[in-house]
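Peer 1: model this:
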Amino acid sequence: MPGSLEPLDVGVQIPYHFRCPISLELMRDPVTVSTGQTYDRASIESWVATGNTTCPVTRSPLTDFTLIPNHTLRRLIQDWCVANRSFGVERIPTPKQPADPALVRSLLAQLSSHSNPSHTRLSAVKRLRGLARDSDKNRSVIGSLNVREVLLPVVFSDSECDSAELKNESLALLVIFPLSESECVFVASEPDRVAYLASLLFHASIEVRVNSAALIEIVVAGTRSLDLRAQISNVDEIFEGITGILKYPLAYPRALKVGIKALFALCLVKQNRHKAVAAGAVIALIDRLADFEKCDVERALATVELLCRVTAGCAAFAAHALTVPLLVKIILKVSERATEYAAGALLSLCSAAEQSQREAVAAGILTQLLLLVQSDCTERAKRKAQLLLKLLRDSWPEDSVANSDDFACSDVVPF
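Peer 2: Alright, predicted model coming up:
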């Protein structure tokens, strides 16, 4: 534990009975097993998860795997932490208890029963959401009890008894869990269901809009059928809705993360990329490029490269004054994948317009590309860099000609 190991250097010793017998660290969530021994919950759960069926201390068989919270010991540990606060020991928080499978089953039954009053069903789904937010363990428990089979009919229900609030809360819970391919097909194969999700992209609540985008991404990514994926991305206004989410203020960062995942998944369908361009995706991507986290930058740049492969997309990116300078700047700055996608986008732009070539050279692309071909980046990234260097050769400034001659004698293979 971070707050308890440092003080050992200044003489504070953790009492023996406060240490987990498995990890030998201060217990944060002590639980007792069937043999009467107490362990830290994370440690004993890991022990059991690896196939062990005996008590680590006594070696006796565990008659069952129920873990009973040892509240008395936990309070003693917390008191000890407080007493040693002056030595830098942090008080362990009171852990939230994992969801009881019996309780989860009961809540799912309440939610699925149309005979229950609307407020009872709404209360059940809200409680399930709260449990799912609490911990990965809870999400695992809920996900193992066929929660998706209960939620999908509610989200897409046509019954007047199912309120919009109930459907939106169910959608918020549904997107926490991965869907099987058959469940993705259940959504994708019915145009009315896809149209319903598309309509939610324009809901007054940003949370509902983002949850709808999240489910669209899950369904598109989980559907193997190219026809079904094309059918989804062909729905009117779906790109407008996703682009609108990308443009949402940064005060709700989840919108940016979910928006780019959905846009990338939709843009994998080649024949509908022009719709993304028409919806304003180009401006949204360039304007937000500096705001993405690392993994999302990679996905955003991959989307840029995909859109640059269609004429309308390439022209739209070329018309944006920041496109080329940003792409040049990103090379070798974020990750190997980001470099590869940025180089690919630049190759498309510079192949289409001499103006983009001049902008790239002015932004310092020559140095970036020479460094790239000598780096440990992917072979695809190097190949794109080599093609760019050949393409830009006539655009190099005169003072770089000597260096370019040296490059001509290097190990770059012709294409």
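Peer 1: Just want the most central residue of this structure.
Peer 2: Centroid-nearest residue in the chain: K257, 6.7 Å away (criterion: C-alpha atoms, centre = their mean).
Peer 1: which stretch of helix or strand covers it?
Peer 2: Assigned by DSSP states H and E, K257 belongs to helix 253-267.
Peer 1: Past that helix, which element shows up next along the chain?
Peer 2: Criterion used, DSSP H and E; the element after helix 253-267 is helix 273-278.
Peer 1: pull the CA atoms of that following helix into CSV?
Peer 2: These are the backbone C-alpha positions of helix 273-278, laid out as CSV (Å, rounded to 0.1, in the frame of the first residue of the first chain):
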residue,chain,number,x,y,z
ARG,A,273,-17.1,8.4,-46.1
HIS,A,274,-18.3,11.3,-48.2
LYS,A,275,-21.2,11.6,-45.8
ALA,A,276,-18.8,12.2,-42.9
VAL,A,277,-17.1,14.9,-45.0
ALA,A,278,-20.5,16.5,-45.8
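Peer 1: Can you give me the neighbour number for D79?
Peer 2: 11 (other C-beta atoms under 10 Å). Every C-beta, even on glycine, is put in place using the N, C-alpha and C of the backbone.
Peer 1: what does the model give V12 for pLDDT?
Peer 2: At V12, the pLDDT value in this model is 78.
Peer 1: Tell me the secondary structure of it, please.
Peer 2: Assigned with DSSP: H, G, I helix; E, B strand; the rest coil, V12 falls in the coil class.
Peer 1: so what's it closest to, chain neighbours aside?
Peer 2: Leaving aside its sequence neighbours, V12 sits nearest to F87 (C-beta to C-beta, 6 or more residues apart in numbering; 4.7 Å).
Peer 1: ok, the one you found touching I14?
Peer 2: No. Using C-beta atoms under 8 Å, F87 makes no contact with I14, being 11.3 Å away.
Peer 1: With neighbour numbers in mind, choose between those two.
Peer 2: More crowded of F87 and I14, by other C-beta under 10 Å: I14, with 21 against 15.
Peer 1: Could you find the closest non-adjacent residue to the more buried one?
Peer 2: Computed as C-beta to C-beta, 6+ apart, the closest residue to I14 that is not its neighbour in sequence is L26, at 5.3 Å.
Peer 1: Against G36, how distant is the one you found?
Peer 2: L26 is 21 Å from G36, where distance means C-beta to C-beta, to the nearest Å.
Peer 1: More neighbours: these two, which one.
Peer 2: Between L26 and G36, counted using other C-beta under 10 Å, the more crowded position is L26 (21 against 10).
Peer 1: And the pLDDT at the residue nearest to the centre of the chain?
Peer 2: pLDDT recorded at K257 is 94.
Peer 1: which residues touch it?
Peer 2: Under the criterion of C-beta atoms under 8 Å, 6 or more residues apart in numbering, the neighbours of K257 are 293, 296.
Peer 1: Then R91?
Peer 2: By C-beta under 8 Å, 6+ apart, the neighbours of R91 are 78, 81-82, 85.
Peer 1: how far out from the middle of the chain is stretch 141-151?
Peer 2: How far stretch 141-151 lies from its chain's middle: 21 Å, per C-alpha atoms, centre = their mean, to the nearest Å.
Peer 1: Could you tell me the end-to-end distance of that stretch?
Peer 2: Stretch 141-151 stretches 15 Å from its first residue to its last (C-alpha to C-alpha, to the nearest Å).
Peer 1: Next: stretch 194-205.
Peer 2: Taking C-alpha to C-alpha, stretch 194-205 runs 19 Å from one end to the other.
Peer 1: Show residues contacting it.
Peer 2: So stretch 194-205 is contacted by 156, 168, 171, 187-188, 208-209, 211-213, 215-216, 231-232, 235-238, 240-242, 244-245 (C-beta under 8 Å, 6+ apart).
Peer 1: So which bits of it are buried?
Peer 2: Judged by neighbour count (16 or more other C-beta atoms under 10 Å), stretch 194-205 contains these buried residues: 194, 196-198, 200-201, 203.
Peer 1: just stretch 71-80 next, same as before
Peer 2: 73-74, 77, 80.
Peer 1: which residues sit in contact with K247?
Peer 2: K247 sits next to 280, 284, 287-288 when contact means C-beta under 8 Å, 6+ apart.
Peer 1: if you set the cut-off to 7 Å instead, what comes out?
Peer 2: If a contact means C-beta atoms under 7 Å, 6 or more residues apart in numbering, then K247 has A284 as its contacts.
Peer 1: Could you tell me how far F186 is located from D236?
Peer 2: Separation of F186 from D236 (C-beta to C-beta): 22 Å.
Peer 1: ugh, wrong one, S170
Peer 2: Distance of S170 to D236, given as C-beta to C-beta: 25 Å.
Peer 1: Give me the more crowded residue out of these two.
Peer 2: A count of neighbours by other C-beta under 10 Å puts S170 above the other of S170 and D236, at 28 against 9.
Peer 1: Next, the contact list for the more buried one, please.
Peer 2: Counting by C-beta under 7 Å, 6+ apart, S170 touches 125, 151, 154-155.
Peer 1: could you pull out the strands for the stretch 151-300 of the chain?
Peer 2: For the stretch 151-300 of the chain, strands defined by DSSP state E, counting those that start in this stretch do not occur.
Peer 1: and I216, what is it in contact with?
Peer 2: 197, 232, 262.
Peer 1: Then S212?
Peer 2: 171, 197, 200-201.
Peer 1: low-scoring stretches of the stretch 51-200 of the chain, by residue?
Peer 2: Low-confidence segments of the stretch 51-200 of the chain, defined by pLDDT under 70: none present.
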